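A.B. asks: coordinates only, sequence not included:
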């Protein structure tokens with residue numbers, strides 16, 4: 001039965017391409033100006049390009065109704081920042097940091113779990129099949145051009161896992177013109193960073209080469225409560241040990257464009273890290289280490305107006321390889337000496353066809369094949385095969401002031417039942433400066449390999465698990481002028497069949513589909529540039545992540561790890577060569593248990609600094625993070641660094 005379903009999906013894609021080409025031959029000619037302005041789909045697993053002009057900030061031209069935020073990395077030049085730090089400034093987003101530079105950092109969007117957020121690097125999914133979400137600290141910021149954050153369930157575009165939203169990391173392009181960038185930073189905890197990028201072109205060829213290195217001892221001072229949470233008399237200042245990090249990354253891209261209508265591109269992204277795992281404050285581990293490696297190779301071919309005017313075809317083939325080695329020689333975290341290794345392979349191929357039908361309609365269809373292989377004896381080396389097909393239609397009316405975007409996707413995942421994910425979006429622009437929009441759709445997350453197959457010690461897998469499912473709604477408005485952009489949205493997701501571990505006998509736990517939740521709230525953002533010498537960026541998120549599971553000690557309570565309030569603001573000035581800035585990040589109290597009886601303290605983090613432009617080529621930056629030395633914690637038992645100082649020198653030519 002699955003074989004015939006897969007054949008039908010591929011036939012649907014092929015029929016859509018053929019029908020589009022046929023209609024173009026007999027229909028209206030495409031308007032060339034419209035074609036130049038419209039950015040066609042990059043595939044079901046690649047985020048549509050986003051316009052960042054004054055009138056259309058944070059608007060996806062492939063899906064105008066969607067709520068998306070584009071974070072350009074250029075304003076962070078001359079500064080020492082991390083990818084997780086930058087993403088955490090967006091509306092609707094909460095980042096959980098497990099211990100500072102280079103340590104595990106996961107992301108939640110609109111109250112979701114980390115597993116319910118899809119993370120892409122140049123359109124390739126990097127979510128591990130074993131679950132737990134993507135570690136944002138493994139994505140070097142020096143190689144990023146921009147970050148695109150899609151808020152709200154979007155399985156109709158991006159497939160399984162996109163319950164809370166999607167983050168697409170877009171790396172720097174291989175440009176035709178020559179440019180070079182070199183930067184180095186040094187600061188607290190013996191932190192050192194160096195990065196270099198070169199891009200150039202010759203005729204029809206272009207390339208980019210980029211590399212970065214980061215080291216930090218991570219030996220910051222924190223407040224140790226000595227395991228007595230309610231007795232401050234025995235608290236003392238302690239030093240975080242075995243918290244060092246060494247990260248290395250290399251990115252290489254090459255592109256060949258034999259004509260204006262054809263391009264072939266290839267790239268390879270490599271990342272490796274070696275880090276200490278200090279463990280919980282109450283049970284520190286001095287000898288536990290972990291090594292991680294990720295290598296992603298992608299080849300893409302794109303044609304435009306070949307075979308039929310207005311038709312764009314894109315083929316993408318990619319393979320992601322991941323390796324993890326965990327070493328606990330003294331059993332400090334695992335009670336017995338333990339060394340484990342995991343290898344994961346993810347080959348995939350995707351074909352997308354986008355057709356400009358007349359002047360006010362873009363039809364897109366795509367087909368995807370993906371395979372996940374995990375080599376780990378503790379899991380019995382499981383595999384997963386995914387076939388998917390999607391279709392969407394973007395229709396514009398009334399001089400493009402009304403846009404409708406219906407979409408649907410079918411995912412045939414080998415270890416669960418097939419899943420349909422429909423979505424409908426509407427955007428209305430009654431005047432140039434105002435857009436009102438909303439979306440409704442269904443999304444899902446397939447059980448990960450840990451939940452399905454991991455059998456060790458006190459934990460059992462459950463191969464009979466169903467996917468988590470959600471119905472997503474949102475509505476809001478944007479106001480955009482040359483000096484002001486503000487967006488406000490209401491969101492709600494009704495999530496069912498959440499996977500949770502239950503005690504089944506003695507001390508053994510097994511996952512079941514028992515959970516239910518309502519994720520609801522408000523998000524707002526502001527960008528204000530009233531003068532050339534001043535700018536203000538701000539965001540605020542109110543999240544009611546309400547547990548609706550039928551247990552009296554947790555029903556109608558906030559889900560742990562989902563803070564209700566999250567606010568960020570940055571004010572920046574420009575006076576001659578100097579650009580001073582100050583940032584403020586507030587995260588409300590965070591419950592650590594389902595009964596909501598234990599709460600982590602709210603936190604107030606202030607950052608301040610100055611970037612100086614020394615001529616046209618050089619930037620020198622100095623900044624203080626956590627200016628007030630707030631002893632903050634995102635996750636109980638994993639303290640975060642206090643006050644720290646960093647300086648950066650950057651050169652461009």
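C.D. replies: Looks like it arrived, so ask away. Nothing here was measured: the structure is a model prediction, and the numbers come from that model.
A.B. asks: Could I get the contacting residues of the closest residue to residue 325 other than its chain neighbours?
C.D. replies: The spatially closest residue to residue 325, leaving aside those adjacent along the chain, is residue 291, at 4.4 Å (Cβ to Cβ, 6 or more residues apart in numbering). No exception for glycine: its C-beta is placed from N, CA and C like everyone else's. Applying Cβ atoms under 8 Å, 6 or more residues apart in numbering to residue 291 gives the contacts 272, 273, 274, 323, 324, 325, 327.
A.B. asks: Filter those residues down to the buried ones.
C.D. replies: 272, 273, 274, 324 (16 or more other Cβ atoms under 10 Å).
A.B. asks: so what's residue 401 up against?
C.D. replies: Contacts of residue 401 (Cβ under 8 Å, 6+ apart): 428, 429, 430.
A.B. asks: Now distance to residue 543 too, for the residues you listed, in a markdown table please.
C.D. replies: Formatted as a markdown table, those follow (distance: Cβ to Cβ, whole Å):
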| residue | distance to residue 543 |
| --- | --- |
| 428 | 27 |
| 429 | 28 |
| 430 | 30 |
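A.B. asks: Just the closest of those residues to residue 101, please.
C.D. replies: residue 429 (43.0 Å; Cβ to Cβ).
A.B. asks: so that closest one makes contact with residue 399?
C.D. replies: No. Applying Cβ atoms under 8 Å as the test, residue 429 and residue 399 come out as separate, 9.4 Å apart.
A.B. asks: Which one's more surrounded, the two?
C.D. replies: Set side by side, residue 429 and residue 399 show more neighbours around residue 429, with 22 against 8, by other Cβ atoms under 10 Å.
A.B. asks: That one should be in a strand, yeah?
C.D. replies: Yes. When DSSP: H, G, I helix; E, B strand; the rest coil is applied, residue 429 is found to be in a strand.
A.B. asks: what's near enough to touch the closest residue to residue 280 other than its chain neighbours?
C.D. replies: Counting by Cβ to Cβ, 6+ apart, residue 637 is the residue found nearest to residue 280 once chain neighbours are left out, at 3.8 Å. If you count contacts by Cβ under 8 Å, 6+ apart, residue 637 has them with 280, 281, 282.
A.B. asks: what's the answer for residue 71, then?
C.D. replies: So residue 71 contacts 86, 87, 89, 90, 146, 147, 148, 149 (Cβ under 8 Å, 6+ apart).
A.B. asks: List the buried residues in whichever helix or strand it is part of.
C.D. replies: Taking DSSP states H and E as the criterion, residue 71 maps to strand 67-72. Applying a neighbour-count criterion of 16+ other Cβ under 10 Å, one finds 67, 68, 69, 70, 71 buried in strand 67-72.
A.B. asks: distance between it and the chain's centre?
C.D. replies: 11 Å (Cα atoms, centre = their mean, to the nearest Å).
A.B. asks: Follow the chain on from it and name the next helix or strand.
C.D. replies: helix 83-87.
A.B. asks: Just checking: what are the partner strands of the helix or strand just after that next one?
C.D. replies: Heading C-terminal from helix 83-87, the first helix or strand you meet, by DSSP H and E, is strand 93-97. Its sheet considered, strand 93-97 pairs with strand 105-109 (antiparallel) by DSSP bridges.
A.B. asks: Show me the shaky parts of this protein.
C.D. replies: Within the chain, the segments meeting pLDDT under 70 span 1-57, 59, 61.
A.B. asks: Could you check how far the nearest residue to residue 154 once chain neighbours are set aside is from residue 91?
C.D. replies: Excluding the flanking residues, the one nearest residue 154 by Cβ to Cβ, 6+ apart is residue 162, at 4.6 Å. Distance, residue 162 to residue 91, by Cβ to Cβ, to the nearest Å: 18 Å.
A.B. asks: same check, this time on residue 332
C.D. replies: Going from residue 332 to residue 91 by Cβ to Cβ gives 40 Å.
A.B. asks: more crowded one of these two?
C.D. replies: Legend: neighbour count by other Cβ under 10 Å for residue 332 and residue 91, higher for residue 91 (26 against 19).
A.B. asks: ok, now which ones touch the more buried one?
C.D. replies: Shown in contact with residue 91 (Cβ under 8 Å, 6+ apart): 69, 151, 487, 523, 524, 525, 539, 540, 541.
A.B. asks: which of those lies closest to residue 555?
C.D. replies: Taking Cβ to Cβ as the measure, residue 555 lies nearest residue 541 of the contacts of residue 91, at 23.7 Å.
A.B. asks: so how far is the helix or strand containing the closest one from its chain's centroid?
C.D. replies: Following DSSP H and E, the helix or strand that holds residue 541 is strand 534-547. Distance, stretch centre to chain centre, for strand 534-547: 17 Å (Cα atoms, centre = their mean).
A.B. asks: Also stretch 412-429?
C.D. replies: Worked out by Cα atoms, centre = their mean, stretch 412-429 lies 19 Å from the chain centre.
A.B. asks: Now do the buried residues in that stretch.
C.D. replies: Buried-residue list, stretch 412-429, by 16+ other Cβ under 10 Å: 412, 413, 415, 416, 419, 421, 423, 425, 426, 427, 428, 429.
A.B. asks: hmm, which two among these are most spread apart?
C.D. replies: Farthest apart among the buried residues of stretch 412-429 by Cβ to Cβ are 415 and 429. That separation is 43.5 Å.
A.B. asks: What is the neighbour count of the spatially closest residue to residue 356 that is not a sequence neighbour?
C.D. replies: Leaving aside its chain neighbours, residue 356 sits nearest to residue 310 (3.6 Å; criterion: Cβ to Cβ, 6+ apart). Residue 310 sits with 27 neighbouring residues when counted by other Cβ under 10 Å.
A.B. asks: do the one 10 residues further on as well
C.D. replies: Using other Cβ under 10 Å, residue 320 has 23 neighbouring residues.
A.B. asks: Many thanks, I have nothing further to ask.
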